[in-house]
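Novice: Based on what follows, work out the 3D shape:
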Amino acid sequence: MKAIIIDDEKRARHLLLELLKTYCPQIDESIEASDLISGVELIKNEKPQLVFLDIEMPNQSGLDILEYFPEQIDFKIIFVTAYNQYAIEAFKLSAVDYLLKPVDVKELKTAVLKAEEAIKASDLSGQLNKLRHSLKQLSMDKIALEIPKGILFTSHDDIIYFEADGMYTNVQLKDGKQKTICKPLKHFVEQLENNAMFFKCHRSYFINLKYVEELVKDDGDYLMMHNKKKIPISKSKKEQFLEIVRETFL
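Specialist: Okay, the predicted model is just below:
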């Protein structure tokens, strides 16, 4: 971990630095600042994981640090001060810990360990958020199909139609394969409701309009799909389908 020590007392900074070197090996780099303004500049330039911050300093209190970071801060704070009356205010700022001078070694080790655990938790949360964002981007073009041996990520363009099969759904793919998913058709209709290429032509079918080749009005109305599958179209849905065709092609 990289740490920054912000304290106007040179002796206090050096003492804390020595304690960290001796008792906290997880901190492999420490930088010093003598006031809040220079400390804030160091934080912005050096990107530390941990900041040891004195409260009582000339010109500006260490409690004012959040004024310089209006967004969520990405470092942990341990306040180090000779005055215990600031403890409640410090913890309101979500400090990891609060140490009184002279610093007790045992308390210091405990505080650094707490900071290390908090940093790991933040890193994990950040990784999960990145994964969520990536999967959200993926979902704009793909759909996740829960198959028996895992999850199949399939492009919307690779799906010809969904067919209801009781509480299951058969998904017909462009490559000729069919997957049976243990979710009802309604699940996919709701999931793809904002995708204009998919159309529920019948209570049992949800089709990709890209693969419709012909509307046949013979022996009952049906749609001939790209794979030569005849899919029925209900009377009410046929009117919707024809309206879409007129608006788009005629």
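Novice: my guess is residue 187 contacts residue 167, does it?
Specialist: No: counting by C-beta atoms under 8 Å, residue 187 stays clear of residue 167, with 10.0 Å between them. In short, each C-beta sits where N, CA and C put it, glycine included.
Novice: Tell me which of the two has more neighbours.
Specialist: Shown here are residue 187 and residue 167; by other C-beta atoms under 10 Å, residue 187 has more neighbours (13 against 10).
Novice: Just give the closest residue to the more buried one, not the sequence neighbours.
Specialist: Nearest residue to residue 187 in three dimensions, chain neighbours excluded: residue 169, at 7.3 Å (C-beta to C-beta, 6 or more residues apart in numbering).
Novice: Does that neighbour lie in a helix or a strand, and which?
Specialist: strand 168-173 (DSSP states H and E).
Novice: Tell me how far that strand lies from the chain's centre.
Specialist: Between the centre of strand 168-173 and the centre of its chain there are 30 Å (C-alpha atoms, centre = their mean, to the nearest Å).
Novice: cool, and stretch 145-162?
Specialist: Using C-alpha atoms, centre = their mean, the offset of stretch 145-162 from its chain centre is 23 Å.
Novice: Show me which positions of it end up buried.
Specialist: 145, 152, 154, 156, 159, 160, 161, 162 (16 or more other C-beta atoms under 10 Å).
Novice: Alpha carbons of that stretch, as CSV, please.
Specialist: Output of stretch 145-162 as CSV, limited to C-alpha atoms (Å, rounded to 0.1, in the frame of the first residue of the first chain):
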residue,chain,number,x,y,z
LEU,A,145,-29.5,-18.5,-22.1
GLU,A,146,-29.2,-20.7,-19.0
ILE,A,147,-28.4,-24.2,-20.5
PRO,A,148,-27.9,-27.3,-18.3
LYS,A,149,-24.1,-27.0,-18.4
GLY,A,150,-23.8,-23.3,-17.9
ILE,A,151,-24.8,-20.0,-19.6
LEU,A,152,-24.8,-19.5,-23.4
PHE,A,153,-24.3,-15.9,-24.5
THR,A,154,-26.0,-15.6,-27.9
SER,A,155,-26.3,-12.7,-30.2
HIS,A,156,-29.8,-11.5,-30.8
ASP,A,157,-29.1,-11.9,-34.5
ASP,A,158,-28.4,-15.6,-34.1
ILE,A,159,-31.9,-16.3,-32.8
ILE,A,160,-34.7,-17.2,-35.3
TYR,A,161,-37.5,-17.6,-32.8
PHE,A,162,-38.5,-18.6,-29.3
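Novice: How many neighbouring residues does the nearest residue to residue 223 once chain neighbours are set aside have?
Specialist: Of all residues not flanking residue 223 in the chain, residue 231 sits nearest, at 4.8 Å (C-beta to C-beta, 6+ apart). By other C-beta under 10 Å, 20 other residues sit near residue 231.
Novice: what helix or strand is residue 231 on?
Specialist: Short version, using DSSP H and E: residue 231 is in strand 230-232.
Novice: and that strand, which strands flank it?
Specialist: strand 221-225 (antiparallel) (DSSP bridges).
Novice: Centre of the chain to the strand it pairs with, how far?
Specialist: On C-alpha atoms, centre = their mean, the centre of strand 221-225 falls 42 Å from that of its chain.
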